[in-house]
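*Asks:* Take this sequence and fold it.
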Amino acid sequence: MFLNRQALYLRPDPARVVVRPFKPAIEPRDLNPTDKTRANHIVDRVIGLDPEAAAAQLTDVLENFNGRHRNLLETFEERASEMEDALAPHSVFSKVQRQLVGAYFLHEYSFEAAALFNPSIVRNPDQSGAPEGGCRFILSLRAVGEGHISSLTFRSGSISARGDVTIDPTARLASIPKVQSRSPRLDGEEVEVEFMLDGQLSERVIFPITLSQSNGIEDARFVEFDTGEGKVFYATYTAYSGRSIRSELIETTDFRTFRLTPLGGLAARNKGMALFPRKIDGHYAMIGRQDNENLYLLYSDDLYAWETGQVILKPRFPWEFVQLGNCGSPIELDEGWLVLTHGVGPIRKYSIGAALLDKKDPAKVLARTSEPLLRPEPAEREGYVPNVVYSCGALRHGDQIILPYAVSDTFSNFATIKIAALLETLSG
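*Replies:* The predicted structure is shown next:
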């Protein structure tokens, strides 16, 4: 059997929380500019505490939450600095009062309480400690919490010489990055963020930052991109505002600092774009879906602008009659570009297949699978969205493909695929 499922179940953990700004809802009377807002009322009450009561309250908050987050007092200070409008009417207040105000305008958010799914995998830029003949990797995952808000989180692990996968222990704490800069771009914002130096990779959570992402950063498809002068990790993802979607791009070299940039052009109005790992004939190239049915090949001279492309794959087999999409960036083999696909069939059952594109001209489809490589097993059918297996990107290691995949939009697992046997299943 050329495909082997591994029992490495990555399940959502509601105990993992980040601390996020709390914004009191605006009541009708708050719309009157002559009235104080709820934020002002809360600040008034905090400032009204006598010094001993304020200190006792802050001590109580720290005792309750200190073991759950890093640098809480610093976080309180930063949040208080964002509340200057509400603090301005008060000419005198102590540092304790200021920190306490910050605490009142924060809340915990269990970012993966509902789901941990749609993974992608790349080689870790730091290969120290890699097993002999194996490699270290970074796994990105879509985490979903209350209100179905999606964020981006990470895990690390190793692949042995023979393809066995192990996952490093997940950090108990979690944190969001500091925003280093914001700048207008197209009809949105480009944002640069940075995580603290001493935090583990699995602590890092990129929560929605801009308006276009406000309801979710979804389905990041990471790829190690060869610039010709070095390696950069890019990921296309879907930004969801709650009303509209668009494709955006993450860029990093170390998985500690990230730049998030909206993409322009007609193709960027859709989801599911995946970047080739290098330029082709001097052009950037993407696989994407522009019409909710077919897979397209797109070229651009500008990494941040993508227009229309050409259809290269259409639904042909019953398991993909509803629609076709990609399962991450193309993987370069000696035989051509391997594109893992997802197909949707009866009862909206999602399965994973593959296609092989010509190395020099990816518009030429050399072969494809007539039957799925991976479909929901009886034990993998139940979850938030039943009957779904899905991936946002696989990794070649030696003679195998390491395929992380999601189960029913709920949790994630791994499969390994022998490349030679996979190629034998492809037909013209």
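
*Asks:* you'd agree L395 is up against P119?
*Replies:* No - using Cβ atoms under 8 Å, L395 is not in contact with P119; the gap is 10.7 Å. From N, CA and C alone the C-beta is placed, and that goes for glycine too.

*Asks:* the more surrounded of those two?
*Replies:* P119 (28 against 23; other Cβ atoms under 10 Å).

*Asks:* separation between the more buried one and Q180?
*Replies:* For P119, the distance to Q180 equals 27 Å [Cβ to Cβ, to the nearest Å].

*Asks:* ok, now S156?
*Replies:* When S156 is compared with Q180 (using Cβ to Cβ), they lie 23 Å apart.

*Asks:* Surely K364 is in contact with L357?
*Replies:* Yes - look at K364 against L357 with Cβ under 8 Å: they come within range, at 6.6 Å.

*Asks:* what's near enough to touch N124?
*Replies:* When the contact criterion is Cβ atoms under 8 Å, 6 or more residues apart in numbering, the partners of N124 are 130, 135-138, 156.

*Asks:* Those, buried ones only, as a PyMOL selection?
*Replies:* Only the buried entries of these go into this PyMOL selection, using 16 or more other Cβ atoms under 10 Å:
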select buried, resi 130+135+136+137+138+156
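
*Asks:* among the contacts of N124, which two are most distant?
*Replies:* A130 and I138 (12.5 Å; Cβ to Cβ).

*Asks:* Give me the domain ranges for this structure.
*Replies:* 3-15+110-427, 20-109 (automatic domain parsing).

*Asks:* Show the end-to-end separation of the last one, please.
*Replies:* So the one you mean is domain 20-109. End-to-end distance for domain 20-109, by Cα to Cα, to the nearest Å: 7 Å.

*Asks:* so what's the residue nearest the centre of the chain bridging to?
*Replies:* Central residue of the chain (Cα atoms, centre = their mean): L152, 3.3 Å from the mean position. Going by DSSP bridges, L152 is paired in beta bridges with R142, I206.

*Asks:* before we move on, back to that, lowest average confidence across the domains of the chain, which one?
*Replies:* Lowest mean pLDDT within the domains of the chain: domain 20-109, a mean of 85.

*Asks:* For it, what is the distance to the chain centroid?
*Replies:* 31 Å (Cα atoms, centre = their mean, to the nearest Å).

*Asks:* Could you do stretch 98-112 as well?
*Replies:* 23 Å.

*Asks:* tell me which residues in that stretch are buried?
*Replies:* With burial defined by 16+ other Cβ under 10 Å, the residues of stretch 98-112 counted as buried are 98-106, 109-112.

*Asks:* tell me how far the ends of stretch 208-215 are from each other?
*Replies:* For stretch 208-215, the end-to-end distance is 7 Å (Cα to Cα).

*Asks:* How about stretch 67-77?
*Replies:* With Cα to Cα, one end of stretch 67-77 sits 18 Å from the other.

*Asks:* Identify all contacting residues around that stretch.
*Replies:* Residues contacting stretch 67-77 (Cβ under 8 Å, 6+ apart): 17-19, 61-62, 65-66, 98-103, 106, 108, 173, 175, 196, 199.

*Asks:* buried residues in it?
*Replies:* Neighbour-count burial for stretch 67-77 flags 68-69, 72, 75-76 (criterion: 16+ other Cβ under 10 Å).

*Asks:* beta partners of the closest residue to V388 other than its chain neighbours?
*Replies:* Nearest residue to V388 in three dimensions, chain neighbours excluded: Y350, at 4.1 Å (Cβ to Cβ, 6 or more residues apart in numbering). Y350 forms beta bridges with V344, V388, as assigned by DSSP bridges.

*Asks:* What of S427?
*Replies:* The partner residues for S427, given DSSP bridges, come to R368.

*Asks:* same check, this time on L324
*Replies:* G343.

*Asks:* So which of the contacts of N124 is the closest to K271?
*Replies:* Distances from K271 to these, taken by Cβ to Cβ, are shortest for I138, at 22.4 Å.

*Asks:* Which secondary structure elements does whatever helix or strand the closest one lives in sit against?
*Replies:* Under the criterion of DSSP states H and E, I138 resides in strand 135-144. Applying 3 or more Cβ pairs under 8 Å, 6 or more residues apart in numbering; DSSP states H and E, one finds that strand 135-144 contacts strand 115-123, strand 150-159, strand 216-226, strand 400-407.
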